[in-house]
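> okay, predicted coordinates and the sequence, questions at the end:
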Amino acid sequence: MAIQQKLSLMIPGPTPVPERVLEALGRHPIGHRSKEFQDLVEITTKNLKWLHQTENDVLTITGSGTAAMEAGIINTLSKGDKVICGENGKFGQRWVKVAQEFGLEVIKIESEWGTPLNPENFKTILEKDEKKEIKAVILTHSETSTGVINDLKSISSHIRNHEKALSIIDCVTSIGACSVPVDEWDLDIVASGSQKGYMIPPGLSFVSMSQKAWKASEESNLPKFYLNLKSYKKNLINNSNPYTPAVNLVFALDEALKMMKDEGFNSIFKRHRKHKLAVSEAAKALNLKLFADEKHLSPSVTAIKTDNIDAEEFRKKIKNKYDILLAGGQDHLKGKIIRVGHLGYINDRDIISVIAAIGNTLVELNEISADLVGEALKVASFHLKEI
């Protein structure tokens with residue numbers, strides 16, 4: 001089998017990595033206790049705060065987004081604490097499992113996969129909690145397993161009104177794809193991962209911590225060592241890290257954040273919006289149905305139903321013929337949906353290519369006529385003009 005040299009990642013992560021970021025990644029390592037590395041930590045921390053739109057501490061951990069979420073939970077809560085977990089996809093489901101693993105009492109707010117969480121359900125439960133027993137609300141902002149984005153702004157306002165509960169938010173695939181104004185929305189703990197909107201390989205994760213979160217950490221009794229965020233905060237004062245960090249990934253992070261600042265917030269968010277519209281509207285032009293609620297489509301990934309076509313076989317055909325990797329469904333959605341990632345370092349050419357590949361494959365399977373591919377590309381081109 002020939003080695004794939006031009007595989008295009010159109011999945012929600014890992015995402016494509018820019019050449020200049022790859023070049024930074026390939027530099028010779030330096031000492032992680034050196035002045036040179038401390039200077040690097042100082043600038044990346046400043047730019048991470050810019051990206052999060054916050055004055056809070058933003059800590060860098062060598063680990064995945066799951067490590068960041070677990071860190072947020074175990075550093076601020078105690079065994080037996082009552083928490084709300086939003087579950088409307090694979091990742092919301094994961095946070096329920098993590099919370100239960102650490103002995104937390106979980107109140108689940110659920111929504112059918114493909115539909116957003118209802119902010120009013122959070123409001124109702126939080127308002128009934130007169131004794132302020134609920135210590136945290138844990139949820140996923142952009143649920144990439146289904147292509148839905150939840151209304152974090154509204155949900156966070158209900159958490160603020162409760163006053164006691166912390167917000168612990170999985171923003172792994174929303175940071176860098178849409179605006180997450182941490183300070184404006186008064187978010188306490190925000191977790192994200194390097195292989196998504198940050199445009200660098202997997203291996204780093206980030207945790208934004210509010211003063212309220214740090215205060216809660218003083219009472220937390222859940223076990224922690226490597227993920228003890230107090231150690232990270234203490235070392236960050238000197239632009240350092242409590243353990244050996246992934247030095248070369250920090251080189252890459254520095255370069256990626258500079259690229260993002262050069263592009264600017266508005267351009268980044270508009271680019272993700274137009275790619276979302278181009279893919280979702282072109283899919284409909286190909287007589288395909290979207291899996292997610294159309295009013296709450298994620299800017300990071302579009303989930304598409306394949307109906308009578310086996311989604312796994314469909315993905316395989318596209319990978320083998322066009323060197324484009326699409327994501328499949330998870331759990332009960334396996335074989336039923338494909339997921340087209342448009343997160344991070346994706347450009348208009350990538351969008352046109354993936355639409356053409358999907359359309360041509362449908363033609364080969366005698367699912368649509370060839371003229372629909374042209375119509376879908378026209379639809380996509382219309383939305384790609386918007387920026």
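Cool, got the structure. Residues are numbered from 1 along each chain as shown.

> for the chain, give me the ranges with low pLDDT.
Along the chain, the parts satisfying pLDDT under 70 run over 1-4, 386-387.

> the strands in the stretch 51-200 of the chain, which residues?
57-62, 82-87, 105-110, 134-140, 142-143, 148-149, 166-170, 189-193 (DSSP state E, counting those that start in this stretch).

> packed most tightly, which of those strands would that be?
Across these, the average number of neighbours (mean count of other Cβ atoms under 10 Å) peaks for strand 142-143, which reaches a mean of 32. In short, each C-beta sits where N, CA and C put it, glycine included.

> got the contact list for stretch 48-60?
Here stretch 48-60 makes contact (Cβ atoms under 8 Å, 6 or more residues apart in numbering) with 41, 44-45, 175-176, 179-184, 190, 204-211, 214, 229, 232-233, 236, 241, 245, 250, 253, 257, 260-261.

> what segments of the stretch 251-387 of the chain are helices?
Along the stretch 251-387 of the chain, counting by DSSP state H, counting those that start in this stretch, helices occupy 265-285, 311-322, 348-364, 371-384.

> check which helices and strands the third one sits against.
If contacts are counted by 3 or more Cβ pairs under 8 Å, 6 or more residues apart in numbering; DSSP states H and E, helix 348-364 sits against strand 8-10, helix 265-285, helix 311-322, strand 324-328, strand 337-341, helix 371-384.

> mind redoing it with 7 Å?
With contacts taken as 3 or more Cβ pairs under 7 Å, 6 or more residues apart in numbering; DSSP states H and E, helix 348-364 sits against strand 8-10, helix 265-285, helix 311-322, strand 324-328, helix 371-384.

> please apply the same query to the second one.
Where contact means 3+ Cβ pairs under 7 Å, 6+ apart, helix 311-322 is packed against strand 324-328, strand 337-341, helix 348-364.

> so which of the ones you listed gets nearest T140?
strand 337-341 (15.0 Å; Cβ to Cβ).

> need the three-state assignment for G31.
At G31 the chain is in coil, as set by DSSP: H, G, I helix; E, B strand; the rest coil.

> and it, how many neighbours does it have?
G31 has 10 neighbours, counted by other Cβ atoms under 10 Å.

> tell me which residues touch it, please.
The contact partners of G31, by Cβ atoms under 7 Å, 6 or more residues apart in numbering, come to F37.

> isn't S192 right up against V172?
Yes. Using Cβ atoms under 7 Å, S192 is in contact with V172, at 5.2 Å.

> what do the two both touch?
Joint contacts of S192 and V172 (Cβ under 7 Å, 6+ apart) are G65.

> where do the helices sit along the stretch 51-200 of the chain?
Going by DSSP H, counting those that start in this stretch, the stretch 51-200 of the chain shows helices at 65-74, 90-101, 119-128, 152-162.

> so which of those is the most surrounded?
Highest mean neighbour count among these (mean count of other Cβ under 10 Å): helix 65-74, a mean of 24.

> contacts made by that helix with the rest, please.
The contact list for helix 65-74, computed with Cβ under 7 Å, 6+ apart, reads 61, 95, 98-99, 102, 138, 168, 170, 172, 189, 191-193, 205-207, 222, 224, 227, 229.

> for the residue nearest to K132 when sequence neighbours are not counted, give its distance to A136.
Nearest non-adjacent residue to K132, counting by Cβ to Cβ, 6 or more residues apart in numbering: K164, 4.0 Å away. According to Cβ to Cβ, to the nearest Å, K164 stands 9 Å off from A136.

> quick revisit: closest to T302 out of the strands of the stretch 51-200 of the chain?
strand 148-149 (10.6 Å).

> now the residue nearest the centre of the chain: phi and psi?
By Cα atoms, centre = their mean, the mean C-alpha position of the chain lies nearest to T173, the distance being 1.3 Å. With angles defined as degrees, to the nearest 10, T173 sits at phi -110, psi 20.

> my guess is it contacts S142, does it?
Yes. If you go by Cβ under 7 Å, T173 and S142 touch, sitting 4.4 Å apart.

> I would like the residues contacting stretch 344-355, please.
Contacts of stretch 344-355 (Cβ under 7 Å, 6+ apart): 8, 10, 15-18, 176, 196-197, 199, 275, 278-279, 282, 324, 340, 342, 376-377, 380, 384.

> this completes my enquiry, with thanks.
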